[in-house]
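Novice: Generate a structure from the sequence data that follows.
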Amino acid sequence: MIRKIIHINEEKCNGCGACASACHEGAIGMVNGKARLLRDDYCDGLGDCLPACPTGAITFVEREAAAYDEKTVQENMKKKAQAGAHNTVQHAGCPGSRMQRFDRADSNTNTQPAVNHIASQLGQWPCQIKLVPVNAPYFDGAKLLIAADCTAFAYANLHQEFMKGKITLIGCPKLDDIDYSEKLTQIIKNNDIQSVTVIRMEVPCCGGLEAAAKTALQNSGKFIPWQVVTISIDGNILE
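Specialist: This next block holds a predicted model:
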């Protein structure tokens, strides 16, 4: 039958999982870090997911689709509820929001208390991408580090290994409702930037920061050495 049903634009989807949480029927799931309509007969066509999407990736279309099957949906939701009752950790939506706890007992037990103060390697202020000026003296000849907010907390030696000798700009594409690429383009284009390092978390929503940096490099018209480093949520560098 031809009916109204949702359509998800994967290119616009940032993997936040808000639509999956908003869908009461369980029609939407996260597959490889992207939202996907799992079954046509689970979608009632009411669109509770539309206002939840921060990127406008979800729209209505009219197409050939199986009819909404309320009985099947109820049975599926009942099974999920029963399965969830046996799990200690439950989560639906963005992998970056999944609750986890890391056992640091072994590493901390044999570590002697630090005697020397570890100096910060932050080379300028402000450091938020939203707040930093487009033109500043510290950008002259700078090696630029564009880092996701969470990396400083996930990776213990971020200051010494990545921030030292660089100008650091931080941001979170999931929390900041702006397009970083425009400002980063101006910074790279209008200043003598020597290199760009992007350090991000492994979670899908953090890909927005990497994408913004790549776009800025392309739009600047400059050929600058650059690299992307990905940090796992348990604090390791992923190859």
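
Novice: Next, give phi and psi for the residue nearest to Cys205 when sequence neighbours are not counted.
Specialist: Using Cβ to Cβ, 6 or more residues apart in numbering and skipping residues adjacent in sequence, the residue nearest Cys205 is Lys174, 4.4 Å away. All C-beta spots, glycine's among them, are computed from the backbone N, C-alpha and C. In terms of degrees, to the nearest 10, the main-chain angles of Lys174 are phi -80, psi -30.

Novice: tell me the pLDDT at Ala156?
Specialist: pLDDT for Ala156: 92.

Novice: ok, now how distant is it from Ala147?
Specialist: Taking Cβ to Cβ, to the nearest Å as the measure, Ala156 falls 14 Å from Ala147.

Novice: Pick out whichever of those two has more residues nearby.
Specialist: More crowded of Ala156 and Ala147, by other Cβ atoms under 10 Å: Ala147, with 26 against 11.

Novice: Mind jotting down where the helices sit in this structure?
Specialist: Here the chain has its helices, by DSSP state H, at 18-22, 70-84, 105-109, 151-154, 158, 180-190, 207-220.

Novice: Turn those into TSV, including mean neighbour count and distance to Met30.
Specialist: What follows is the helices of the chain, written out as TSV (neighbours: other Cβ atoms under 10 Å; distance: least, Cβ to Cβ, whole Å):
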stretch	mean neighbour count	distance to Met30
helix 18-22	21	6
helix 70-84	12	14
helix 105-109	8	31
helix 151-154	18	21
helix 158	20	28
helix 180-190	19	23
helix 207-220	20	14
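
Novice: so how many other residues sit close to Gly165?
Specialist: Per other Cβ under 10 Å, the neighbour tally for Gly165 reads 10.

Novice: List the residues that contact it.
Specialist: Gly165 makes contacts with 121, 123, 143, as judged by Cβ atoms under 8 Å, 6 or more residues apart in numbering.

Novice: and the first one, how many neighbours does it have?
Specialist: Here the neighbour count serves as a burial measure; for Gln121 (other Cβ under 10 Å) it reads 16.

Novice: just Asp149 next, same as before
Specialist: Applying other Cβ under 10 Å, I find that Asp149 has 18 neighbouring residues.

Novice: do the same with the one 10 residues further on
Specialist: For His159, the count of nearby residues is 16 (other Cβ under 10 Å).

Novice: likewise the one 4 residues further on?
Specialist: Under the neighbour criterion other Cβ under 10 Å, Met163 is assigned a count of 21.

Novice: Tell me who's in contact with it.
Specialist: Going by Cβ under 8 Å, 6+ apart, Met163 touches 121-123, 145, 147.
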